[in-house]
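Enquirer: Sequence first, then the predicted structure, then my questions.
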Amino acid sequence: MLAISGSLRAQSANTRLLAALPALAPPGMCFDVYPTLGELPLYNEDLDVHPELPAVRRWRTAIHRADGLVIATPEYNHSIPGVLKNAVDWASRPRGDASLSGKAVAVMVVTASRLHGFRGLTDTVRILAGLGNLVVPHPEVVVGGAPDALTGEPDGSVRPADPRVAALIRVQLQALSDVIGTGAATAALVAPTGRQRTG
């Protein structure tokens, strides 16, 4: 499972949440955390050439090889962070052979606010679904009150401070595993509804 943080901050609560997933996942689900989205340049069609830029090749290859994706992202200005949107734009190309299409995806949001996060979640899900991916719809996992929402353990592991949040994540990861096991993401693949503009 490819695990992706939508934040570049070293002490990001979303990146820390990814470290908590193995203890909450169903048996057999393993995670490979993508090291950084920051190495990707801003999407520019003039740079989207063959051979691919090394950073772009690594990113697209990681998605191609993954059974599914887990994305933990903050909400920036009521929407998806620019760094994550940029990564999605790169993975949505080339048309007809995009790595980010026909994938099973789970999205979760960690935010400092106890009131926000759902708009960022909704936009992220909408964009991914529009590219032909099957995003696990329920339960919606929005964790407020970061950084106190996550607790560090003496052994260096991380867990959600609220057991109810841990339970939601367990259900979401099980649902993701079920989607992957049935092949539903590939079967539900549809042509992307959005078109990337040439600029």
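Expert: It's in.

Enquirer: Tell me how far residue 147 lies from residue 107.
Expert: 20 Å (CB to CB, to the nearest Å). Yep, even glycine has a C-beta here, placed from its N, CA and C like the rest.

Enquirer: Revised request: answer the last question for residue 74.
Expert: 12 Å.

Enquirer: Contact partners for the residue sitting nearest the centre point of the chain?
Expert: Centroid check for the chain by CA atoms, centre = their mean gives residue 71 as the closest residue, at 1.9 Å. If a contact means CB atoms under 8 Å, 6 or more residues apart in numbering, then residue 71 has 3, 4, 5, 6, 84, 105, 106, 107, 108, 124, 128 as its contacts.

Enquirer: so where do the helices sit in the protein?
Expert: 13-20, 54-65, 82-91, 118-130, 163-182, 184-187 (DSSP state H).

Enquirer: can you tell me which of these comes nearest to residue 39?
Expert: helix 54-65 (4.3 Å; CB to CB).

Enquirer: and that closest one with helix 82-91, angle?
Expert: 70 degrees (axes from the mean of the first three to the mean of the last three CA atoms, to 10 degrees).

Enquirer: Would you mind pulling up the elements that helix 54-65 packs against?
Expert: strand 2-5, helix 82-91 (3 or more CB pairs under 8 Å, 6 or more residues apart in numbering; DSSP states H and E).

Enquirer: looking at those, which is buried most?
Expert: strand 2-5 (a mean of 23; mean count of other CB atoms under 10 Å).
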